[in-house]
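A.B. asks: Here is a sequence with its predicted model. Questions after.
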Amino acid sequence: MSLTGLKILVVEDDPDLRDLLANFFVLEGAIARQAQNGQIAFEMIGQEPFDFIVTDVRMPGGDGITLIKQTMASFPSPPKIFVCSGFNDLTKAQFLALGAVDVFVKPFSVESLVGTLARAMTKK
């Protein structure tokens, strides 16, 4: 499955995982940008459009839950948001109720995430 032409913002405080995800998305044809926390990500979303956001939840300087709430409240056509977390901060149903499209529990398969993004692209 291809992510060709998609603009994806990877929001993750772990620089190694952030780079891994961004590089994998680029290999699949996407344009990937990176942010180390939700606050920086929200500023970036205000400056350029993204198709998808892939965000962690617990990050110093701005968490993923706040990012989801701010993004959904601030943009008439917000990017589709995917959550990747190793913690049970909220249930999947609660994340979906906030506006997330799907939730991946760490550790997760990058291939599975790419497949889900590609399927979501066809539902735009």
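C.D. replies: Yes, it's here. The structure displayed is predicted, hence computed values, not measured ones. Residues are numbered from 1 along each chain as shown.

A.B. asks: In terms of secondary structure, what does the helix or strand of the chain with the lowest mean pLDDT contact?
C.D. replies: The weakest-scoring helix or strand in the chain, judged by mean pLDDT, DSSP states H and E, is helix 110-122 (a mean of 84). For helix 110-122, the contact count by 3 or more Cβ pairs under 8 Å, 6 or more residues apart in numbering; DSSP states H and E identifies helix 15-27, strand 52-55, strand 80-85, strand 100-105 as packing neighbours. For every residue, glycine as well, the C-beta is placed using N, CA and C.

A.B. asks: what's the distance between the residue most central in space within the chain and Leu3?
C.D. replies: By Cα atoms, centre = their mean, the chain has its centre lying nearest to Val54, at 1.2 Å. As for Val54, its distance to Leu3 is 11 Å (criterion: Cβ to Cβ, to the nearest Å).

A.B. asks: which residues touch Lys80?
C.D. replies: 51-53, 101, 120, 124 (Cβ atoms under 8 Å, 6 or more residues apart in numbering).
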